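**Student:** sequence plus the predicted model coming up.
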Amino acid sequence: MVPDALRTKAELAGELRRLRARIAELERDAAKQKEEVLCRPDKQLRDIYNNLAMGIYRTTPDGRVLLANPAIVRMLGYSSFKKLVQCNLEKEGFEPQYPRSMFKEKIEKDDYVNGLESVWVRRDGAAIVVIENARVVRDEHGKILYYEGTVEDITERKRAEELLRQQKEMLQAILNATTESVFLMDPQGTILTMNNTAAKRLGEAASNMIGRKGQSFFKGKSAVAVAKSRAEKISEVFRTGKPVYFEDERAGMAFYTSAYPALDDAGKVASVAVFGKDVTETKMMQAALRYSEEKYRVLVESSLDVICTVDRSGTFRFMNTIGASNVGTTPGKIIGKTMWDIFPRSIANHHMADIRKVLKTGQGLRVIATSEEMGQQPRWYNTSIEPLCDRAGKRSAAVIVARDITEFKQTQDYIQQYRQNMMRSEQLASLGTLSAMLAHELSQPLTVVGLSIQNTIVELQTSSCPPGAIDSLNAGLAAVSNASDIVGRIRNLARRTSLKDIKLVDICTLGDRMAASMGHNAFHAGVTIKIKGLAKLPLVEISERDLEQVFFSLMTNAIQAADGKKQRKVTITGRRQGSHLELRFADNCGGIRSKHLDRIFEPFFTTKPADQNTGLGLAIVHRIVSEAGGTIRVESTWGRGSTFIIQWPLKD
């Protein structure tokens, strides 16, 4: 190497030229590389641009598309960008409700839009919902060059949101339609949602209650206690994840409440749905039903009547205690048994025929049944059979109510026998009266005839007379004597029928007994018999049978006078007047015509048909009272009633 000092000027100049050329070459290479770097598209960015799901666009204010990535091309339904750029956004691509002018007005005013929601129209006419974020790009003079931004298709999301909204509205409508209170509560007891029924029961609008603690709506000591109890039950659901059910009362209302867990995606209890049903009326109805059942049970069990239910097959479904005791068992042992298990086959078949008739026709039946075929003491029952319907309205069983009328039947038989005895007594008394009247009426003429014949015979014997005439007169006198003997026997018969057992009689006791014996006939004639003041009367000395005859005849006379159309009454009263006893038989059964008043005590006089009355009843009463030393009279107003007044002298 030549030292620098030894180099020539020419060599230095040549080296300088080479150095400059190399620098220039390097500068050219650097410039070229710089241009290549600046002009080369980045593949990664291009991939992002082409594959981005969000649309990227650039448009001019007059609606020409300058730039659009494939996402927008697909979003608008075009096959390529070349097809898309042929679209003029000022004329097409937007729904009428969302015109492009709205977008331009907003973006040119503020130079940007954020989250603008609008509806675009695809090439096939389908509408899509999009959200845009865009800005204005201007030149150095402020003139708008273009708009550029991003767009996201939210059509499916909007559909999901709309479906969710509809479901929420439908759910809320269902909740509001129910009569149960419905809450949704979080673990802190905050109300997340509720229906109108719950809000109404708590006395506030639902909008004012959502977001507040449920316990805050309960005021008063008892209400706070209820709220605390409910909160504990709801906490149990959060803790266990299982539903709970409970009943409580608030403000006089009863609620049946059920709380169900609502789980999140992780299976954890996120909230609790609380359903409260107002069961106040149900509770009241249940209480009323229990009261009714208890009342029914008490009435049925305390009844002296046999009460039972029997189904179509003859099986006993129920029988009260008195009924079961009548067949020697208890109600629990008779339920499930059949008629044929309890009664002989003939009686069971007879009863079932009546029951099936009632179930077939639906009409109740009244029958008189006897148990004499059972080999026991004969018992009589007045039986009522009524159909019993099930919930479907089908006649499935019969209710049987059987009243033991054995004593009543025996009383009826006694009364009938008593009436027959009284009629026989009346006939005998009539016979005695007729005999006495006949003997009285015949004895005088027979005596006159006998005396006349005797006088004639005496006179003829003192004169010349054919013997045959005297013999004939003697025969006639013998016949008169025979007739007198017959009259004597009739008089004796009248005396025997008039023989009386005179004793002290309690008029009150006798009157009660006679009223009871006449009660059946009086009831069917619509007549009520009342006795007043007889308990204070002294004992009277008279034939008890005669006094019974007086009561019987006067009460029968009033009952027969009643027409049965209106309710009538017979009132028997008594009092003591000094040395006399007075009985009054007053009725309002129609009275007696004035023209008949003077004849009513005559034998055989009657205003009734001959086949209904003998006309001797009042005549016999008159004779009995007269023979006892008393008097009888009648006061009557036609159309109203009559009063028979009897007075007897009292002995010491």
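**Tutor:** That came through, no problem.
**Student:** alpha carbons only for contacts and neighbour counts from here, please
**Tutor:** Fine.
**Student:** domain boundaries for the chain, per the record?
**Tutor:** For the chain, automatic domain parsing gives the domain ranges 4-35, 44-153, 160-284, 303-404, 409-497, 502-649.
**Student:** let's have those domains in CSV, adding distance to residue 293 and mean pLDDT.
**Tutor:** Converted to CSV, those look like this (distance: least, C-alpha to C-alpha, whole Å; pLDDT from 0 to 100):
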stretch, distance to residue 293, mean pLDDT
domain 4-35, 106, 67
domain 44-153, 68, 87
domain 160-284, 14, 81
domain 303-404, 14, 84
domain 409-497, 34, 68
domain 502-649, 35, 84
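**Student:** could you redo the ones you listed as a markdown table and give each row mean neighbour count?
**Tutor:** Putting the domains of the chain into a markdown table (neighbours: other C-alpha atoms under 10 Å) gives the following:
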| stretch | mean neighbour count |
| --- | --- |
| domain 4-35 | 11 |
| domain 44-153 | 16 |
| domain 160-284 | 16 |
| domain 303-404 | 16 |
| domain 409-497 | 15 |
| domain 502-649 | 17 |
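**Student:** name the SS class of residue 576, please.
**Tutor:** The local conformation at residue 576, judged by DSSP: H, G, I helix; E, B strand; the rest coil, is strand.
**Student:** and the closest residue to it other than its chain neighbours, how far is that from residue 553?
**Tutor:** Leaving aside its chain neighbours, residue 576 sits nearest to residue 582 (6.1 Å; criterion: C-alpha to C-alpha, 6 or more residues apart in numbering). As judged by C-alpha to C-alpha, to the nearest Å, residue 582 and residue 553 stand 17 Å apart.
**Student:** just the residues contacting the helix or strand containing residue 166, thanks.
**Tutor:** Following DSSP states H and E, the helix or strand that holds residue 166 is helix 155-177. With C-alpha atoms under 8 Å, 6 or more residues apart in numbering as the test, helix 155-177 has contacts from 128-130, 182, 194-197.
**Student:** export the domains of the chain to a markdown table and tack on distance to residue 290?
**Tutor:** Compiled in a markdown table, the domains of the chain are given as follows (distance: least, C-alpha to C-alpha, whole Å):
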| stretch | distance to residue 290 |
| --- | --- |
| domain 4-35 | 103 |
| domain 44-153 | 65 |
| domain 160-284 | 10 |
| domain 303-404 | 18 |
| domain 409-497 | 39 |
| domain 502-649 | 39 |
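**Student:** correct me if wrong: the residue nearest to residue 576 contacts residue 646.
**Tutor:** Yes: counting by C-alpha atoms under 8 Å, residue 582 does reach residue 646; the two are 5.6 Å apart.
**Student:** shared neighbours of these two, anything?
**Tutor:** By C-alpha under 8 Å, 6+ apart, no residue touches both residue 582 and residue 646.
**Student:** what about stretch 459-476, start to end distance?
**Tutor:** 16 Å.
**Student:** off-centre distance for it?
**Tutor:** Centroid displacement of stretch 459-476 relative to its chain, using C-alpha atoms, centre = their mean, to the nearest Å, is 106 Å.
**Student:** and the contacts of it?
**Tutor:** In contact with stretch 459-476 (C-alpha under 8 Å, 6+ apart) are residues 453, 457.
**Student:** try it again at 10 Å.
**Tutor:** 449-450, 453-454, 456-458, 477-482 (C-alpha atoms under 10 Å, 6 or more residues apart in numbering).
**Student:** likewise stretch 514-521?
**Tutor:** 411-412, 414-416, 418-419, 508-513, 522, 525, 527-531, 548-549, 551-552, 555-556, 559-560, 570, 572.
**Student:** so which of these are in helices?
**Tutor:** Mapping those onto helices (DSSP state H) picks out 411-412, 414-416, 418-419, 508-513, 522, 548-549, 551-552, 555-556, 559-560.
**Student:** one step back: heading C-terminal from the helix holding residue 166, find the next helix or strand.
**Tutor:** Immediately after helix 155-177, counting by DSSP H and E, sits strand 181-185.
**Student:** now that following strand against helix 155-177, angle please.
**Tutor:** 130 degrees (axes from the mean of the first three to the mean of the last three C-alpha atoms, to 10 degrees).
**Student:** strand 181-185 packs against which elements?
**Tutor:** Secondary-structure packing of strand 181-185 (3 or more C-alpha pairs under 10 Å, 6 or more residues apart in numbering; DSSP states H and E): helix 155-177, strand 191-194, helix 196-202, strand 253-263, strand 269-278.
**Student:** helices of the stretch 1-150 of the chain, residue ranges please.
**Tutor:** Along the stretch 1-150 of the chain, counting by DSSP state H, counting those that start in this stretch, helices occupy 9-39, 43-51, 70-75, 81-84, 100-110.
**Student:** ok so, going back, closest one of the contacts of helix 155-177 to residue 71?
**Tutor:** residue 130 (12.6 Å; C-alpha to C-alpha).
**Student:** setting the sequence-adjacent residues aside, check what's closest to the closest one.
**Tutor:** Closest to residue 130 by C-alpha to C-alpha, 6+ apart is residue 153, at 4.5 Å.
**Student:** wait, the one you found touches residue 122, no?
**Tutor:** No: look at residue 153 against residue 122 with C-alpha atoms under 10 Å: they stay out of range, at 11.7 Å.
**Student:** anything in contact with each of those two?
**Tutor:** 75-76, 128.
**Student:** for residue 208, state which of these is nearest.
**Tutor:** Nearest to residue 208 among the shared contacts of residue 153 and residue 122, counting by C-alpha to C-alpha, is residue 128 at 37.7 Å.
**Student:** ok, back up a step: in PDB, could you pull the C-alpha coordinates for the helix holding residue 166?
**Tutor:** Taking Å, rounded to 0.1, in the frame of the first residue of the first chain, the C-alpha atoms of helix 155-177 are listed here in PDB:
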ATOM      1  CA  THR A 155     -81.000  -9.900  12.700                       C
ATOM      2  CA  GLU A 156     -80.900 -13.200  14.600                       C
ATOM      3  CA  ARG A 157     -80.200 -11.400  17.800                       C
ATOM      4  CA  LYS A 158     -83.100  -9.200  17.200                       C
ATOM      5  CA  ARG A 159     -85.300 -12.100  16.500                       C
ATOM      6  CA  ALA A 160     -84.100 -13.800  19.700                       C
ATOM      7  CA  GLU A 161     -84.700 -10.600  21.600                       C
ATOM      8  CA  GLU A 162     -88.200 -10.300  20.100                       C
ATOM      9  CA  LEU A 163     -89.000 -13.900  20.900                       C
ATOM     10  CA  LEU A 164     -87.700 -13.400  24.400                       C
ATOM     11  CA  ARG A 165     -89.800 -10.300  24.800                       C
ATOM     12  CA  GLN A 166     -92.900 -12.100  23.600                       C
ATOM     13  CA  GLN A 167     -92.200 -15.000  25.900                       C
ATOM     14  CA  LYS A 168     -91.800 -12.500  28.800                       C
ATOM     15  CA  GLU A 169     -95.000 -10.800  27.900                       C
ATOM     16  CA  MET A 170     -96.800 -14.100  27.600                       C
ATOM     17  CA  LEU A 171     -95.400 -15.300  30.900                       C
ATOM     18  CA  GLN A 172     -96.400 -12.100  32.600                       C
ATOM     19  CA  ALA A 173     -99.800 -12.300  31.100                       C
ATOM     20  CA  ILE A 174    -100.100 -15.900  32.400                       C
ATOM     21  CA  LEU A 175     -98.900 -14.800  35.800                       C
ATOM     22  CA  ASN A 176    -101.300 -11.900  35.900                       C
ATOM     23  CA  ALA A 177    -104.200 -14.100  34.800                       C
END
